[in-house]
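>>> need coordinates for the below:
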Amino acid sequence: MSCLCSLQLRSLLGSLSGMPSFAGLVPSFPVNLVATISAMAPGASLAVSASATANASLVANLSLMASLTAALKAAMGVNLAAPLSLSAMASLQANLSAQINSLNANAGMLNISGPSLSALLNALLNLLHLANLIIAVRVALGIDLRASGAIAALQARLDAHASATAHVSAMASATASASAIASLMASMGLGVNASAAASLNASASAMAKLMLGLPQINVNLAALADLSALMALIAAIKAALGVNLLAPNAMVSLRLALSGLPLSALASLRVSAMASATANASLSASASASAVAALNLSAVASANLSAAARLSLMMSLLANAGFLLMPPGSCGAPCPIALVAALT
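Have a look, this model is predicted:
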């Protein structure tokens, strides 16, 4: 069992507040550029917001399940999409309760940092967009943005994609919900079939039961979301540019990493307004719609997963900042678990 260490959290918040200004280092990019490039990857499916679908509650709950499943797997190695024994579920619940209680005990420290975390996140958005762009271009198109001719090759691919998506018909909206459901199921390692639907219904019920036995997360949601996003951003920048923004020499390393990138040319790329709606709404999407329509996912749609969003944020934070967790009483500060116990 581990809990969130007050000293580690204080040190992290101090490091974040002490970051130098990154203003002006990176230009802004076309807003739909990363989404467009991601849609060009082989096997990419139609993205759609839950509010735009007829199955809004089902898509919303599936999205929460996928997010929580991914966050828990990254942070603790636990796969909620697979059946858990009673002892494994009890152990998970005890561990999560300890982490939530310790997070709540540190709520004051985190909540007061909310405005500065939000300001830092906004200041780093262009850098995040660049990191996501580098990764998307590399993964989806196999293009190294530092290579000669990379911009010309990328613009050619964007133009070709824009031409293809210009012919997307109303079929896209008709199959959007089914595509979203199929994509979310795939993200949890599930196919679109009756057996997978039964597993999802069971998982939804198990998740709802798990969260009923957990303490409520009482920290400011915006502050938790911003800290989680910042740690994910720092991880993305390290993956894309090889720079740790928390290191003492981060600015020097970042300037060196950026010097080899065609930043002005990237900011000038032409992206069609329609291009982020991928042209994959075709025969495969139609087949997906038929398969999804045959599924019984009633337990998923009706499950009470209202606490999943906060839990996902906490687990995402811990997945990217595992150093915050330590055995109770071992970090040299008054143990948050003991503090909570003393107050109850």
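>>> just the residues contacting stretch 134-148, thanks.
Under the criterion C-beta atoms under 8 Å, 6 or more residues apart in numbering, residues 34, 37-38, 40-41, 44, 133, 150-151, 153-154, 157, 236, 239-241, 260-262, 266 lie in contact with stretch 134-148. C-beta: built from backbone N, CA, C; applies to glycine.
>>> what sits against the residue lying closest to residue 326 once chain neighbours are set aside?
Spatial nearest neighbour of residue 326, chain neighbours left out: residue 5 (4.4 Å); criterion: C-beta to C-beta, 6 or more residues apart in numbering. Contact partners of residue 5, counting by C-beta under 8 Å, 6+ apart, are 102, 324-326, 330-331, 333.
>>> ok so, going back, filter the contacts of stretch 134-148 to the buried ones?
34, 37-38, 40, 133, 150-151, 153-154, 157, 236, 240-241, 261, 266 (16 or more other C-beta atoms under 10 Å).
>>> next step: the contacts of stretch 134-148 restricted to helices.
By the criterion of DSSP state H, membership of these in helices covers 34, 37-38, 133, 150-151, 153-154, 157, 236, 239-241, 266.
>>> among the residues you listed, which two are most distant?
153 and 236 (23.2 Å; C-beta to C-beta).
>>> now the two most distant members of the buried ones among the contacts of stretch 134-148.
153 and 236 (23.2 Å).
>>> other SSEs contacting the strand or helix carrying residue 227?
Here residue 227 is covered by helix 221-241, with elements defined by DSSP states H and E. Judged by 3 or more C-beta pairs under 8 Å, 6 or more residues apart in numbering; DSSP states H and E, the packing partners of helix 221-241 are helix 107-112, helix 114-123, helix 125-136, helix 250-258, helix 308-320.
>>> residue 95: which of those helices is closest?
Between those, helix 308-320 lies closest to residue 95; by C-beta to C-beta that is 10.8 Å.
>>> next SSE after the closest one?
Immediately after helix 308-320, counting by DSSP H and E, sits strand 325-326.
>>> quick one: strands adjacent to that following strand?
strand 3-4 (antiparallel) (DSSP bridges).
>>> and the helix or strand following the partner strand, which residues are buried?
Reading on from strand 3-4 to the C-terminus, the next helix or strand found by DSSP H and E is helix 6-17. By 16+ other C-beta under 10 Å, the buried positions in helix 6-17 come out as 6, 8-9, 12-13, 16.
>>> ends of stretch 114-132, how far apart?
24 Å (C-alpha to C-alpha, to the nearest Å).
>>> can you list contacts of that stretch?
16-17, 19, 21-23, 25-29, 33-34, 220, 222-223, 226-227, 229-230, 233, 236-237, 239-241, 245, 261, 263, 266.
>>> which of the residues you listed are buried?
Applying 16+ other C-beta under 10 Å to the contacts of stretch 114-132 flags 16, 19, 22, 26, 29, 33-34, 220, 223, 226-227, 229-230, 233, 236-237, 240-241, 245, 261, 263, 266 as buried.
>>> quick one, what contacts residue 197?
295-297.
>>> what about stretch 206-216, distance to the chain center?
For stretch 206-216, the separation from the chain centroid amounts to 21 Å (computed by C-alpha atoms, centre = their mean, to the nearest Å).
>>> repeat that for stretch 60-72.
The answer for stretch 60-72 is 10 Å, by C-alpha atoms, centre = their mean.
>>> circling back: in a markdown table: the contacts of residue 5, plus neighbour count, distance to residue 253 and pLDDT.
Shown next, in a markdown table, are the contacts of residue 5 (neighbours: other C-beta atoms under 10 Å; distance: C-beta to C-beta, whole Å; pLDDT from 0 to 100):
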| residue | neighbour count | distance to residue 253 | pLDDT |
| --- | --- | --- | --- |
| 102 | 25 | 33 | 91 |
| 324 | 25 | 24 | 91 |
| 325 | 20 | 27 | 88 |
| 326 | 19 | 28 | 86 |
| 330 | 11 | 32 | 75 |
| 331 | 19 | 29 | 70 |
| 333 | 16 | 31 | 60 |
